[in-house]
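In: next comes the sequence, and after it the predicted model I'd like to discuss.
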Amino acid sequence: MVRALFGVDAELRPRSPRVRLTPIRRRCYLRRMSEMSVVFAGGGCRTFWALGAYTSLAGLATTVEVAGVSAGAAMALAAALGQEEALVAAFCARTAVNPRNVYPERLFLGRPAFPQEAMYRATLLELLGAASLQRLAEGPRVRILQACVEPGWLVVPTVASAWWAYAARRRRGLLHGPEVPHRGLAAEVDTAQEASSVEDLAERVLRSSASPPVTPILRAPGRMYFDGCLVDAAPVRALGASARAGAVLVLLNRPHPPAATAGNVRYLAPSAPVPIHKWDYTSPARVRQAFDMGRRDGEAARAEVERFLAEHGA
């Protein structure tokens, strides 16, 4: 019976048939036996669904590596730090005092019309805090996928063409970008643990999320960055080689037909459209609804994910 449930040797079978594995003991067995890596797809505020789903599934295995792109990179950091609720609370506090998603009148004052970048950055800095780099060093590796324009390519036509290709992939229901990025784009993968400061780490996440005009283009020496989803919106490729070879759980944030598993990769999608727009920074209630919906969907998928981990997560 134990072998059927957990894939362990007979020596671990309870000595008496009357011994039962409590839920806590069962989770302990699974955590000792299973490892997984987790990928957070990009999708703005919809990624709070994925964070909620992760909170319901994290106890099934030891998370050894996490990857994310765009807002999914922020969720990956929160997951690696064990600060899921803290991120939700910090972001909700800011959305509660932001009545609009655009302020055109600010342009006359020389200020950005869109409040999202400032709110996003402030939330990241609050989440990370002074002790976070040390905590990150002790946790799973966090990979952040970024997209930049290669030197010598015209920025506007290159990025416009890449956005069109990304939109076409979405319409066709494709989860991943091509193995070779769109012409003129280069993919970069940052490791959060290599950041020199909290500010540097926040900048790396924001580079992965650069979606003008809502959030600005960000630059580094010799590089101009745009949203990493232009390369891959569900960046399994950002994981290290050993992580890609093990069990990988990909948390999407749009409903997707249930072709749920491809080899050692398990996809989990919302049961219904997530009730928030990706750039809606005005509603703490909708943020919380997205997060709570993710927790419910994650809980509903626990048995399936357990079976997947029993096969691929050892």
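Out: Alright, I've got the coordinates. Numbering: from 1, shown residues only.
In: helices of the stretch 101-250 of the chain, residue ranges please.
Out: Listed in chain order, the helices of the stretch 101-250 of the chain (DSSP state H, counting those that start in this stretch) span residues 116-128, 132-137, 155-171, 198-208, 241-245.
In: quick one: average pLDDT of the shortest one?
Out: Yep, that's helix 241-245 we're talking about. The average pLDDT within helix 241-245 is 97.
In: next one: the third one
Out: Over the span of helix 155-171, the pLDDT mean works out to 96.
In: ok, the second one next?
Out: Averaging pLDDT along helix 132-137 yields 90.
In: spatially central residue for this protein, please.
Out: Nearest residue to the geometric centre of the chain (Cα atoms, centre = their mean): F40, 2.3 Å.
In: re the thing from before, and N253, which of the helices of the stretch 101-250 of the chain is closest to it?
Out: Proximity to N253 (Cβ to Cβ) singles out helix 155-171 among those, at 12.1 Å. For the C-beta atoms, the positions are set from N, CA and C on the backbone; glycine is no exception.
In: just to revisit the earlier point, so for V69, which of the helices of the stretch 101-250 of the chain sits nearest?
Out: Closest to V69 of those, according to Cβ to Cβ: helix 198-208, at 5.6 Å.
In: for the closest one, buried residues please.
Out: Within helix 198-208, the residues that qualify as buried are V198, L201, A202, E203, R204, V205, L206, R207, S208, counting by 16 or more other Cβ atoms under 10 Å.
In: dump these to CSV, plus distance to Q134 and pLDDT.
Out: As requested, the buried residues of helix 198-208 are exported to CSV (distance: Cβ to Cβ, whole Å; pLDDT from 0 to 100):
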residue, distance to Q134, pLDDT
V198, 11, 96
L201, 12, 97
A202, 16, 97
E203, 19, 97
R204, 18, 97
V205, 18, 98
L206, 22, 98
R207, 23, 98
S208, 23, 98
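In: nearest to W164, of those?
Out: If you rank the buried residues of helix 198-208 by distance to W164 using Cβ to Cβ, S208 comes first, at 20.1 Å.
In: so what's the closest one up against?
Out: Contact analysis of S208 by Cβ atoms under 8 Å, 6 or more residues apart in numbering lists 42, 68-70, 73, 144-147, 190, 225, 227-228.
In: before we move on, what about M75?
Out: Contacts of M75 (Cβ under 8 Å, 6+ apart): F40, T47, F48, A50, L51, Y54, G68, L87.
In: if I look at the residue nearest to the centre of the chain, how far off is A93?
Out: Distance, F40 to A93, using Cβ to Cβ, to the nearest Å: 22 Å.
In: now do S209
Out: Distance from S209 to A93, by Cβ to Cβ: 20 Å.
In: so for those two, which residue has more residues nearby?
Out: Applying other Cβ atoms under 10 Å to S209 and A93 shows that S209 carries more neighbours, namely 31 against 13.
In: neighbours of the closest residue to that one other than its chain neighbours, how many?
Out: Excluding the flanking residues, the one nearest S209 by Cβ to Cβ, 6 or more residues apart in numbering is S70, at 4.7 Å. The local packing count at S70 equals 31, with neighbours defined by other Cβ under 10 Å.
In: after the particular helix or strand that has T55 in it, next one along is what?
Out: Following DSSP states H and E, one finds T55 within helix 47-57. Once the chain leaves helix 47-57, the next helix or strand it forms, by DSSP H and E, is strand 62-69.
In: can you list the buried residues in that next one?
Out: By neighbour count with 16+ other Cβ under 10 Å, strand 62-69 contains the buried residues T63, V64, E65, V66, A67, G68, V69.
In: please save the CA atoms from it in PDB.
Out: Taking Å, rounded to 0.1, in the frame of the first residue of the first chain, the C-alpha atoms of strand 62-69 are listed here in PDB:
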ATOM      1  CA  THR A  62      11.300  20.300  -1.400                       C
ATOM      2  CA  THR A  63      11.500  23.300  -3.800                       C
ATOM      3  CA  VAL A  64      15.100  23.200  -5.100                       C
ATOM      4  CA  GLU A  65      14.900  26.000  -7.800                       C
ATOM      5  CA  VAL A  66      12.400  28.700  -8.800                       C
ATOM      6  CA  ALA A  67      12.200  30.600 -12.100                       C
ATOM      7  CA  GLY A  68      10.000  33.500 -13.200                       C
ATOM      8  CA  VAL A  69       9.500  36.100 -15.800                       C
END
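In: dump the residue contacts of T215.
Out: T215 makes contact with F114, Q116, E117, Y120, L206, S209 under the criterion Cβ under 8 Å, 6+ apart.
In: lovely, talk soon.
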